[in-house]
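Peer 1: My questions are about this predicted structure, shown below with the sequence.
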Amino acid sequence: MFDIRKAAERGHENHGWLDSRHTFSFADYYDPRFMGFRALRVINEDRVEPGRGFGAHGHREMEIISYVLSGALRHDDSTGTGSVIEPGDVQRMSAGTGVRHSERNASTTEGVHFYQIWLMPSEPGVPPSYEQKRFPSQEKRGVLRVVASPDGRDGSVSLHADASLYAGLFEAGEKAALELTPGRHAWVQLARGRARVNGQQVEAGDGVALADEPRVEIEGVESAEVLVFELA
């Protein structure tokens, strides 16, 4: 299976201060055909105006990843964690038994553009926790660098989910592949630029669902930033 979820077909909400694109059903956007993919439940591409953001709100039993493309995102939560997330950072918050957090544009002059991703946990009832690490561009250039995984391998952030996340930066002609164990699946999200996934061209905002494929092959067409989820 190789299915493309076109960027223009995603759910869209514009609240003035927030412009959000929903790959899967979320909030007021509902499409029974797109309720998630394997452990992936939410992939939102958000743009938040300067000085604005999401006030304190609660989550339970979800692994939440924030991945900033430009600008800076301010995070605060009920565990006492406070941080600023910038391009190159990967933040993971395990909501577990319950956590409240807020997210705001850290700048009063520039917008912030980021992806927020939710994954269903593989085990319920874990204590809330937070982790953030930086992955320099040179570690992602022309490769798929693991940035989140169940065992925190190779310095990635750890997930309470049967999933791994890889990030890569590709110029035209640069290639990388991720081998898939039989029975495993993948979702590719093109964060920016243009690339080929298993030979088919995709554009910024497009997603690709893969099943019964031996590998994921990425080739840059023009300055692409790619996220690949390897899933049960």
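Peer 2: Sure thing, it's come through. Residues are numbered from 1 along each chain as shown.

Peer 1: least trustworthy helix or strand in the chain by mean pLDDT?
Peer 2: strand 53-59 (a mean of 91; mean pLDDT, DSSP states H and E).

Peer 1: So which bits of it are buried?
Peer 2: Of the residues in strand 53-59, 53-54, 59 count as buried by neighbour count, 16 or more other Cβ atoms under 10 Å. Just so you know, the C-beta spots here come from the backbone N, C-alpha and C atoms, and that holds for glycine as well.

Peer 1: next one: stretch 214-230
Peer 2: Of the residues in stretch 214-230, those buried by neighbour count under the rule 16+ other Cβ under 10 Å are 216, 218-221, 224-230.

Peer 1: beta partners of the nearest residue to A204 once chain neighbours are set aside?
Peer 2: Counting by Cβ to Cβ, 6 or more residues apart in numbering, R192 is the residue found nearest to A204 once chain neighbours are left out, at 4.8 Å. R192 has these beta-bridge partners by DSSP bridges: E225.

Peer 1: Go ahead and confirm R192 touches E225.
Peer 2: Yes - counting by Cβ atoms under 8 Å, R192 sits close enough to E225 to count as a contact (4.7 Å).

Peer 1: Between these two, which contacts overlap?
Peer 2: The contact sets of R192 and E225 overlap at L69 (Cβ atoms under 8 Å, 6 or more residues apart in numbering).

Peer 1: coming back round to it: neighbouring strands of the least confident helix or strand of the chain in the sheet, and parallel or not?
Peer 2: Strand partners for strand 53-59, identified by DSSP bridges, are recorded as strand 99-105 (antiparallel).

Peer 1: just how off-centre is the strand it pairs with within its chain?
Peer 2: From the chain centre to the centre of strand 99-105 is a distance of 17 Å (Cα atoms, centre = their mean, to the nearest Å).

Peer 1: can you start the count at 112 instead of 1 from here on
Peer 2: All right, first residue 112 from here; so that's strand 210-216.

Peer 1: Quick check: what element follows it along the chain?
Peer 2: The helix or strand immediately downstream of strand 210-216 is strand 223-230, counting by DSSP states H and E.

Peer 1: Which other helices and strands does that next one contact?
Peer 2: Packing contacts for strand 223-230, counted by 3 or more Cβ pairs under 8 Å, 6 or more residues apart in numbering; DSSP states H and E, involve strand 151-159, strand 174-181.

Peer 1: Serialize those to TSV and add fields for mean neighbour count.
Peer 2: Conversion of the helices and strands packed on strand 223-230 to TSV gives the following (neighbours: other Cβ atoms under 10 Å):
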stretch	mean neighbour count
strand 151-159	21
strand 174-181	20
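
Peer 1: Farthest-apart pair in the buried residues of stretch 325-341, please.
Peer 2: Maximum pairwise distance in the buried residues of stretch 325-341, criterion Cβ to Cβ, is 22.6 Å, between V332 and E341.
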